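Novice: Dropping the sequence and predicted coords here.
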Amino acid sequence: MELQDIYNHTKEAMDKSIEAMKRDFGTLRSGKVSVSILDHILVSYYDTPTPLNQVSSVIAQDASTIVITPWEKTLLKDIERAIQEANIGVNPNNDGEAIKLFFPPMTSEQRKESAKEAKNIGEKAKISIRNIRKDSNDKIKKLEKDKLITEDESKKAQDEIQKFTDNATKKIDESVKHKEEELLKI
């Protein structure tokens with residue numbers, strides 16, 4: 001393994017952590033509803049747990065309403081049950097054609113809770129970044145121990161990994177700050 005491989009792997013892993021954090025942000029409820037709040041809901045489709053968006057059309061009709069129209073009418077009951085079991089804070093309204101979810105406006109308490117959750121998601125991403133840094137530095141130290149690189153090269157490489165870490169941490173902080181502002185804005 002060469003230093004460039006370690007750098008590439010480190011950058012890639014850190015980018016993936018940041019992407020995962022942003023995906024997790026999508027599950028947070030903000031002032032306007034997002035269909036991503038339903039991403040983790042699975043519906044039994046021919047006895048196979050299937051993501052809701054693969055058996056129906058899921059659209060945000062307006063800031064507080066999501067409409068779910070199944071491809072097959074027979075799925076209405078299963079979808080309704082899956083939503084109830086997911087416990088996302090609203091009851092599904094089945095009109096025989098589609099299921100509508102009406103989200104009440106968020107209270108300031110709920111907004112603060114979501115902002116706190118965004119911070120927690122950001123912290124988890126930072127922990128992931130630090131673990132990646134440790135992993136990369138361990139690989140570099142092993143190259144040095146095995147006499148494949150000099151002590152100076154090892155030091156330089158670890159400094160480079162620290163730059164990646166600082167950059168990723170900065171991106172996380174900016175994303176969390178932006179998400180908190182979005183969540184707290186009424």
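Specialist: That came through fine.
Novice: where do the helices sit along this protein?
Specialist: Secondary structure of the chain (DSSP state H): helices at 3-25, 76-86, 108-145, 151-184.
Novice: Can you point out the buried residues in the third one?
Specialist: By neighbour count, and taking 16 or more other Cβ atoms under 10 Å as the criterion, the buried residues in helix 108-145 are 111, 114-115, 117-118, 121-122, 125-126, 128-129, 132-133, 136-137, 139-140, 143-144. (Glycine included, C-beta is placed from N, CA and C.)
Novice: Turn the helices of the chain into a markdown table, including distance to Ile66 and mean pLDDT.
Specialist: What follows is the helices of the chain, written out as a markdown table (distance: least, Cβ to Cβ, whole Å; pLDDT from 0 to 100):
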| stretch | distance to Ile66 | mean pLDDT |
| --- | --- | --- |
| helix 3-25 | 18 | 94 |
| helix 76-86 | 10 | 91 |
| helix 108-145 | 17 | 94 |
| helix 151-184 | 18 | 95 |
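Novice: Val55: which of the ones you listed is closest?
Specialist: helix 76-86 (7.4 Å; Cβ to Cβ).
Novice: Report the buried residues of that closest one.
Specialist: Leu76, Asp78, Ile79, Glu80, Ala82, Ile83.
Novice: residues in contact with the first one?
Specialist: Contacts here follow Cβ atoms under 8 Å, 6 or more residues apart in numbering; on that basis Leu76 touches Pro70, Asn94, Gly96, Ile99.
Novice: In TSV: those residues, plus distance to Lys177.
Specialist: Shown next, in TSV, are the contacts of Leu76 (distance: Cβ to Cβ, whole Å):
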residue	distance to Lys177
Pro70	39
Asn94	40
Gly96	45
Ile99	35
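Novice: Quick check: the spatially most central residue of the chain vs Asn137, distance?
Specialist: Residue closest to the mean C-alpha point of the chain, counted by Cα atoms, centre = their mean, is Asp24 at 2.0 Å. Taking Cβ to Cβ, to the nearest Å as the measure, Asp24 falls 26 Å from Asn137.
Novice: How is the protein divided into domains?
Specialist: 3-26+107-184, 35-102 (automatic domain parsing).
Novice: hmm, back to that, out of the contacts of Leu76, which comes closest to Thr169?
Specialist: Once Cβ to Cβ is applied, the member of these that ends up nearest Thr169 is Ile99, at 41.3 Å.
Novice: in the sheet, who's paired with the closest one?
Specialist: Ile99 has these beta-bridge partners by DSSP bridges: Ile68, Asn94.
Novice: That one: how many residues sit nearby?
Specialist: By other Cβ atoms under 10 Å, 23 other residues sit near Ile99.
Novice: Please tell me I have it right and the residue nearest to the centre of the chain contacts Gly122.
Specialist: No. Look at Asp24 against Gly122 with Cβ atoms under 8 Å: they stay out of range, at 9.3 Å.
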